[in-house]
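**Q** How does the following fold in three dimensions:
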Amino acid sequence: MMEKSTWSQRLIKWFYGLDRTLDEYEQHVLDRAGHHITVGLMAYLLLSGLGVSFLAGMVGVNTSLVIWQFTNLGVCLVAWGYLSWAIYKLHLSDIEVTTKQYQGAIKAVLKKSQRQTLVTVVLFQMIDSLSNAWLDSASYWQTFFSWPQLRTLLIFAVVMGGASVLIGMARVKVVY
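**A** Residues are numbered from 1 along each chain as shown. Below you'll find the predicted structure:
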């Protein structure tokens, strides 16, 4: 009997568009990948806080914040890539369609990619604006809609959205 899935398993399935029930081995592989990501992110959080503090004293707060933002983006992409690799390795994300269903499947995947990118980008903007407002002693909304924040948001949206669309399109497999 399959246990009820946890919130993290449901989140992973939602984010990667996995619609089917996973067997015990597949669930174990996803859980193990999730644990590796969690441990890695916790270590990164501890070390990045210390690193930003030292860096701010050496090169200034604004420069250290820019470096920290790009490092955060890189860490998010590495974690996302690692979990994507685990899912790809198990062929969990493959969507098998006939040639008649191909166009509809591509449209559905693109729509889902856009929704997921939008949610991720808005959350990233909210968290990033909060840290910048705190460091600059400015209001949250003023920081949220400032040009540097919107530029960072645009870069993140293009990178994350482009990767999401390419991966989504690669998921669709035509079977004969």
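**Q** Now do the helix or strand harbouring Leu83: distance to the chain's middle.
**A** Following DSSP states H and E, one finds Leu83 within helix 61-89. Offset of helix 61-89 from its chain centre (CA atoms, centre = their mean, to the nearest Å): 8 Å.
**Q** cool, and stretch 28-40?
**A** 15 Å.
**Q** pLDDT on that stretch, on average?
**A** Regarding stretch 28-40, the rounded mean pLDDT is 84.
**Q** Report the buried residues of it.
**A** Val29, Leu30, Ala33, Gly34, Ile37 (16 or more other CB atoms under 10 Å). The C-beta positions use only the backbone N, C-alpha and C, and glycine is treated the same way.
**Q** what's the answer for stretch 9-18, then?
**A** So, applying 16+ other CB under 10 Å, buried residues of stretch 9-18: Gln9, Ile12, Lys13, Phe15, Tyr16, Gly17, Leu18.
**Q** now the residue nearest the centre of the chain: how far from Leu118?
**A** Residue closest to the mean C-alpha point of the chain, counted by CA atoms, centre = their mean, is Trp80 at 5.2 Å. Note on Trp80: its distance to Leu118, by CB to CB, to the nearest Å, is 16 Å.
**Q** Same check on Leu46?
**A** Look at Leu46 and Leu118: by CB to CB, they are 31 Å apart.
**Q** for Glu96, same thing?
**A** In this structure, Glu96 and Leu118 are 27 Å apart, going by CB to CB.
**Q** now Gln116: how far from Thr98?
**A** Separation of Gln116 from Thr98 (CB to CB): 25 Å.
**Q** Same check on Val61?
**A** Val61 sits at a distance of 57 Å from Thr98 (criterion: CB to CB).
**Q** just the buried residues of stretch 9-18 now: which is nearest Phe156?
**A** Proximity of the buried residues of stretch 9-18 to Phe156 (CB to CB) peaks at Phe15, which lies at 16.0 Å.
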